[in-house]
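>>> Give me a 3D structure for the following:
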Amino acid sequence: RTAQRRAPPPGSDEEYTPSSDGEDDEDDEDYEDYEDDEAPAVTTARPATDCGQCPMCLDKPKFGGPGIKRKACLNLRAAGYRPPAAAAMCESVMRPPSFTPSPLVDEAFTSAPAAVDTPPVDADGAIMAYRDLESEGSALDLFDVFSGGGLFAYGAKAGGMRPIAGVDSDGDMLWYFKNNLPRVPFHLAAIGPAEGWTAFTPPAPRAGLHAHFSPPGRGLSKSCRGKGAHKDEGPEMLRWSLNEAVKYQSFSVDTICSAETKAVCAEVAAAHSCVAYAEFDAVDFGVPQTRKRLIISTPAILTKLHERPAEPQVSVKAAFAKAGVAIPRGATHVKNSSLVAAASSACKRSIEHAAFTCCAGRALSFCRMDGTTVQSMVPDHTKVLMGLPGEFQLRGMQRLDQQALGAGVAFGLAKAIAEAAVAAHRDSM
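Sure thing, here's the model as predicted:
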């Protein structure tokens, strides 16, 4: 806070006496009162025990989890505990005393980006919630569940939808959502088969509202299938998401392609005639990577998606050239080190073709023809492979950036799903 006291206007009888430290004493006094009375208590002293029941605890190896998230217990965070880095972030984004937070936004984590439009406010100056943002004449509004960093909502917006709310339990992803979708309320809450909607009230189903679910894939992927406490979490989360999604006239769910996910989809489709599912590859939608996803939606939306002409496949080389991002010198291939030995031809592809799937836990690498690594990809490289425009903002924290990108829906596929849903909605009117 370095604002200087302004001098009185010419001809004014007001006296100007600068404070000894050059700062506004009155503002300092208000700010101190705010810090004492309104700022949330944040501590970096870690309590002795974790609850052992929240999603973050169940992910920890000591509770039988794979140790992927590596985040603090949700109950400890609710009590005010923050890891040192998170506590520092909280201090850096604290709102001034005049700010009135939305009930859908966690005040301790969010900050308004300076280079984008400010959120819409009502007559009293409060940020409007999603109930106030319902569209007036737009084709389709979007309610994004398990929104993560907002990649699906970002692509859906380009496809003609209007995002009105996002909800997720991962506070690390809030920054990406709020900085790339600044006018959309975000709610940080634990949701799922165990919690239900106790921590968050979703918008009521209505005509013109599309609900999208991207449930976590833990327990479904090969890396953690059948391990510890997570072996049943993925199928149960997918089943719960599908049963919630069918309450909406227009909906979509995306998940990984596996025998387990298809079995759950077949089970739900047998009970609901409005459910259909099919496998789609992002490479057919102008994305420079092979990224297969199982899309569950209404028959009308999937029909529109199937009728959409496949776009020409984009190579890594062409995508990087279009984005203006340089490929490291000497790199002729990309490889996925998590597949097989580095020298095997099965784990590397020429940059003249599409890349492998970008995952949340490990980035791909640039290499030579013999498999020798030239450089591991940084998040800016992964952003190109996800098909995202250059203006999509990253945080500059490599692990979190990779997680936000690798766990999201590819831009071209999200845009295509939105366009199909909007077309199906218009046909039904």
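>>> contact partners of stretch 315-328?
288, 334, 349, 351-355, 366, 374-375, 380-381, 384-385, 387, 390 (CB atoms under 8 Å, 6 or more residues apart in numbering). Backbone N, C-alpha and C define where each C-beta goes, glycine included.
>>> now swap in stretch 259-269 and tell me
Contacts of stretch 259-269 (CB under 8 Å, 6+ apart): 220, 225, 234-235, 238-239, 242-243, 246, 255, 275-277, 294, 296.
>>> Taking the contacts of stretch 315-328, please make a PyMOL selection of just the buried ones.
Typed into PyMOL, the line below selects the buried ones among the contacts of stretch 315-328, using 16 or more other CB atoms under 10 Å:
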select buried, resi 288+334+349+351+353+354+355+366+374+381+384+385+387
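>>> what's the helix or strand for C265?
Per DSSP states H and E, C265 falls inside helix 259-271.
>>> ok, now H210?
strand 209-213.
>>> Can you pull the phi/psi pair for P216?
Taking degrees, to the nearest 10, you get phi -60, psi 150 for the backbone angles of P216.
>>> List phi and psi for the closest residue to it other than its chain neighbours.
The shortest distance from P216 to any non-neighbouring residue, by CB to CB, 6 or more residues apart in numbering, is to M237 (5.9 Å). Here is the backbone geometry of M237 (degrees, to the nearest 10): phi -70, psi -40.
>>> go on, A355?
phi -80, psi 180.
>>> which residues does it bridge with?
Q289 (DSSP bridges).
>>> how close does it get to P328?
14 Å (CB to CB, to the nearest Å).
>>> Which of the three states applies to I301?
helix (DSSP: H, G, I helix; E, B strand; the rest coil).
>>> Need the pLDDT of it.
On the pLDDT scale, I301 is placed at 95.
>>> residues near it, how many?
25 (other CB atoms under 10 Å).
>>> Please enumerate the helices of the stretch 51-200 of the chain.
55-58, 74-78, 84-92, 151-158, 174-180 (DSSP state H, counting those that start in this stretch).
>>> Check which helices and strands the last one sits against.
Helices and strands touching helix 174-180, by 3 or more CB pairs under 8 Å, 6 or more residues apart in numbering; DSSP states H and E, are strand 162-168, strand 186-188.
>>> which strands and helices sit next to the particular helix or strand that has V253 in it?
Using DSSP H and E, the element containing V253 is strand 250-255. When contacts are defined as 3+ CB pairs under 8 Å, 6+ apart, strand 250-255 packs onto strand 209-213, helix 233-245, strand 292-297, helix 411-428.
>>> So what are the sheet partners of that strand and their directions?
Strand pairing (DSSP bridges) places strand 250-255 next to strand 209-213 (parallel), strand 292-297 (antiparallel).
>>> What residues of the last one count as buried?
Right, strand 292-297. 293-297.
>>> List of residues touching it?
In contact with strand 292-297 (CB under 8 Å, 6+ apart) are residues 242, 245, 251-258, 261-262, 265, 268, 275-282, 302, 305, 357, 409, 413, 417, 421.
>>> same question, the shortest one
Strand 209-213 is touched from outside by 134, 140-146, 152-153, 156, 161, 202-203, 205, 241-242, 244-245, 247-254, 417-418, 421, 425, with contacts defined as CB under 8 Å, 6+ apart.
>>> related to what we said a few turns ago, most tightly packed of the helices and strands packed on strand 250-255?
Greatest average neighbour count among these goes to strand 209-213 (a mean of 26), per mean count of other CB atoms under 10 Å.
>>> Tell me what angle it forms with helix 233-245.
170 degrees (axes from the mean of the first three to the mean of the last three CA atoms, to 10 degrees).
>>> in what helix or strand does D401 lie?
helix 398-406.
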